[in-house]
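J.: Sequence below, structure please.
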Amino acid sequence: MIPFKPDESSPLLIFGGPYSNLQATRAIRQIADDLCIPAHNVLCTGDLVAYCAEPDETVDLIREWGITVVAGNCEESVGYGAADCGCGFNAGSACDLLSAQWYNYTLPRVSEANKAWMRQLPGRISFDYGQHAFTAIHAGVSSSNQFIFPSDAANIAQQQLLHCGSDIILAGHCGIPFGQKFSTGYWLNAGVIGMPANDASSETWYLTISKVDQQLICSWQRLAYNHAETAKKMSESGLKNGYMKALSSGLWPSQDILPASEKSLTGQRLHIPAMVIPIVA
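T.: Residues are numbered from 1 along each chain as shown. Here you go, the predicted model:
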């Protein structure tokens, strides 16, 4: 595994959860090209395969692109042929039942070569950028399926920052983008590109981090892509479910995993201000 050593003359591009959404993955690669961000400055927080209909094609594109990927619970499960996705959903919940459908569809459609590649992905990546120590994870520092949402990050993230010894953690998994500053450092969730953020918009999310003077500017951006084509592929593949509808409605088919604070924001358009992190010489 080649270590992640980004070029500090270029921004970082961070995203999570392609979720077998080939159209969204093509769109984020086009963003990188448009911004002239090289592959060695691009990092994905995992879950390449999940809800949508083109898992192997999505992994092939990511591998051909040559970016760095943190292993998510979906890579761990599919890579080792586990019985389920390991997403951390409560047994019998709507999310659990829906996940069984896409997982049973996905598992036999990922090539053995891509499964082997998934098995060698790291669960944590540490690197330096802008004189700050970063750690990239999928969910929690010690768990690949821990849901950490904005409302409970203060109780969890500070301890995890201390545990990993970094200034900044880059995370994914929960599907909602956010950034928070704590006394122990910064927790930045880039969001995911493969599904909307439950805010009634078909657009998805990614994060750029740029060095400007003596600051890191962390900017969450919306990603527009051909979601109708993704939905068509799902329909043709028999994945006619709530996730297919969510691609256009922007609303999740279940709120089982959401804390009360996030449930209350369902359908409200997200606005995420840029975060400025000083670079201290």
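
J.: any weak-confidence spans in this structure?
T.: Residue ranges of the chain with pLDDT under 70: 1-2, 85-98, 281.

J.: Which stretches in it count as strands?
T.: Assigned by DSSP state E, the strands in the chain fall at 12-15, 42-44, 68-69, 125-129, 132-136, 168-171, 178-182, 185-189, 204-212, 215-223, 275-278.

J.: how far does the last one sit from the chain's center?
T.: Yep, that's strand 275-278 we're talking about. From the chain centre to the centre of strand 275-278 is a distance of 21 Å (C-alpha atoms, centre = their mean, to the nearest Å).

J.: in that strand, what's buried?
T.: Met275, Ile277 (16 or more other C-beta atoms under 10 Å). C-betas here are computed from N, CA, C, even on glycine.

J.: what's that strand packed up against?
T.: strand 185-189, strand 215-223 (3 or more C-beta pairs under 8 Å, 6 or more residues apart in numbering; DSSP states H and E).

J.: ok, and which of those has the densest surroundings?
T.: Greatest average neighbour count among the helices and strands packed on strand 275-278 goes to strand 185-189 (a mean of 25), per mean count of other C-beta atoms under 10 Å.

J.: Residues contacting that one, please?
T.: 14, 16, 148, 153, 157, 160-161, 166-172, 174, 176-180, 207, 209, 218, 275, 277 (C-beta atoms under 8 Å, 6 or more residues apart in numbering).

J.: let's see it at 7 Å
T.: 153, 157, 161, 166-172, 174, 177-180, 207, 218, 277 (C-beta atoms under 7 Å, 6 or more residues apart in numbering).

J.: Over to stretch 63-72?
T.: Here stretch 63-72 has contacts from 4, 29, 39, 42-48, 62, 117-118, 121-125, 136-138, 144, 172-173, using C-beta under 7 Å, 6+ apart.

J.: which of those residues are buried?
T.: Among the contacts of stretch 63-72, the ones that count as buried by 16+ other C-beta under 10 Å are 4, 29, 42-48, 62, 117-118, 121, 123-125, 136-138, 144, 172-173.

J.: can you tell me which of those are in helices?
T.: Arg29, Ile62, Trp117, Met118 (DSSP state H).

J.: Switch the helices and strands packed on strand 275-278 over to CSV; also include distance to Gly242.
T.: Listed next are the helices and strands packed on strand 275-278 as CSV, based on distance: least, C-beta to C-beta, whole Å:
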stretch, distance to Gly242
strand 185-189, 23
strand 215-223, 21
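
J.: between those strands, which one is nearest to Ala113?
T.: strand 215-223 (28.0 Å; C-beta to C-beta).

J.: what packs against the closest one?
T.: Helices and strands touching strand 215-223, by 3 or more C-beta pairs under 7 Å, 6 or more residues apart in numbering; DSSP states H and E, are helix 22-34, strand 204-212, strand 275-278.
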